[in-house]
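*Asks:* Predicted model and sequence below, questions to follow.
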Amino acid sequence: MDFGPTARDYAAYRPGFPPRLFARLAEMGVGIPGQRIVDLGTGTGALARDLAAAGCAVTGVDLSSELIEQARRLDAEAGVEADYRVAPAEDTGLPGGAWDVVSAGQCWHWFDQARAAREAHRLLVPGGALAICHRDYVILPGNVCEAGEELVLAHNPGWRMAGRGGIHAEWSVELALAGFGDIETFSFDIDIPFTHEAWRGRMRSCNGVGATLPEAEVAAFDADLARVLRERFPEEPLMIPHRVWAMIARRA
């Protein structure tokens, strides 16, 4: 999946992870000042940036040079410094046994999960943690998220990511097979405010829209979504329900 074409929308309209997530991770020994962290599938640095701001030494890895360019720009604006390199999550080329934490934010579903789990295990010091984090909007009957996904499917009938519930317990199997143990999960729900413009940008950055459709079709989708918002969801800001979920696993 190439998110390069939608890098600007991704950087502008994808919300970061909430402080509550980092507080919970810190309670579990993840994101502690001084830790050496590899952030797989770093994208625009949404997870890496907050970990670096917490005092961690972070190296972000992503296949998209366009997303990494946006990550560097956002880091500079935030006064945060992280290292970035273009590489696949499954074969980072980074030294093994040298990292306290491997993180992955909003990306594990794009990886060859068996290979990514083995690579994370290789990278970590004994006792190191793999932290997989997600923040997904929640579809409820008749809500704006459901309406948005219906439009994505109307413009891209082959899209296969619709209807995900924000809980990904099945990923624990590949982690266990890769040698991880002490696997824990947690989740909580929050509402995130979006203007109409921001929600349109968020949906354009969806993998079923900006990353896969031709430019003209993206524009047609955006026009349809703007109409639906005017007619069915005129209030602003829109309060979009999200589920924040994390899985933490330890290298033996």
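*Replies:* In hand now; what should we look at? Numbering: from 1, shown residues only.

*Asks:* all strands of the stretch 151-252 of the chain, in order?
*Replies:* 180-194, 238-251 (DSSP state E, counting those that start in this stretch).

*Asks:* strands paired with whichever strand or helix holds S103, and their directions?
*Replies:* Secondary structure assigned from DSSP states H and E places S103 in strand 99-105. The strands beside strand 99-105 in its sheet (DSSP bridges) come out as strand 36-40 (parallel), strand 124-137 (parallel).

*Asks:* distance between the last one and the chain's centre?
*Replies:* Read that as strand 124-137. For strand 124-137, the separation from the chain centroid amounts to 12 Å (computed by C-alpha atoms, centre = their mean, to the nearest Å).

*Asks:* can you pull the buried residues of that strand?
*Replies:* L124, G128, A129, L130, A131, I132, C133, H134, R135, D136, Y137 (16 or more other C-beta atoms under 10 Å). To be clear about C-beta, it is placed using only N, CA and C from the backbone, and glycine gets the same treatment.

*Asks:* quick check, nearest of the residues you listed to A104?
*Replies:* I132 (4.9 Å; C-beta to C-beta).

*Asks:* related to what we said a few turns ago, now the buried residues of strand 124-137 in JSON lines, with distance to S103?
*Replies:* Listed next are the buried residues of strand 124-137 as JSON lines, based on distance: C-beta to C-beta, whole Å:
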{"residue": "L124", "distance to S103": "11"}
{"residue": "G128", "distance to S103": "11"}
{"residue": "A129", "distance to S103": "9"}
{"residue": "L130", "distance to S103": "8"}
{"residue": "A131", "distance to S103": "5"}
{"residue": "I132", "distance to S103": "8"}
{"residue": "C133", "distance to S103": "7"}
{"residue": "H134", "distance to S103": "12"}
{"residue": "R135", "distance to S103": "13"}
{"residue": "D136", "distance to S103": "17"}
{"residue": "Y137", "distance to S103": "21"}
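
*Asks:* out of the strands of the stretch 151-252 of the chain, deepest packed?
*Replies:* Comparing these on average neighbours per residue, with mean count of other C-beta atoms under 10 Å, the densest one is strand 238-251 at a mean of 20.

*Asks:* that older thread, any chance of CSV for the buried residues of strand 124-137, columns pLDDT and distance to P237?
*Replies:* Output for the buried residues of strand 124-137, formatted as CSV (pLDDT from 0 to 100; distance: C-beta to C-beta, whole Å):
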residue, pLDDT, distance to P237
L124, 99, 40
G128, 99, 40
A129, 99, 35
L130, 99, 35
A131, 99, 30
I132, 99, 29
C133, 98, 24
H134, 96, 23
R135, 95, 17
D136, 94, 19
Y137, 95, 14
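
*Asks:* follow-up on the earlier one: please tabulate the strands paired with strand 99-105 in a markdown table, including the columns distance to T185.
*Replies:* What follows is the strands paired with strand 99-105, written out as a markdown table (distance: least, C-beta to C-beta, whole Å):
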| stretch | distance to T185 |
| --- | --- |
| strand 36-40 | 18 |
| strand 124-137 | 9 |
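
*Asks:* Out of those, which gets nearest to A246?
*Replies:* strand 124-137 (4.7 Å).

*Asks:* In a markdown table, list the strands of the stretch 151-252 of the chain along with distance to E146 and mean pLDDT.
*Replies:* Converted to a markdown table, the strands of the stretch 151-252 of the chain look like this (distance: least, C-beta to C-beta, whole Å; pLDDT from 0 to 100):
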| stretch | distance to E146 | mean pLDDT |
| --- | --- | --- |
| strand 180-194 | 15 | 98 |
| strand 238-251 | 11 | 98 |
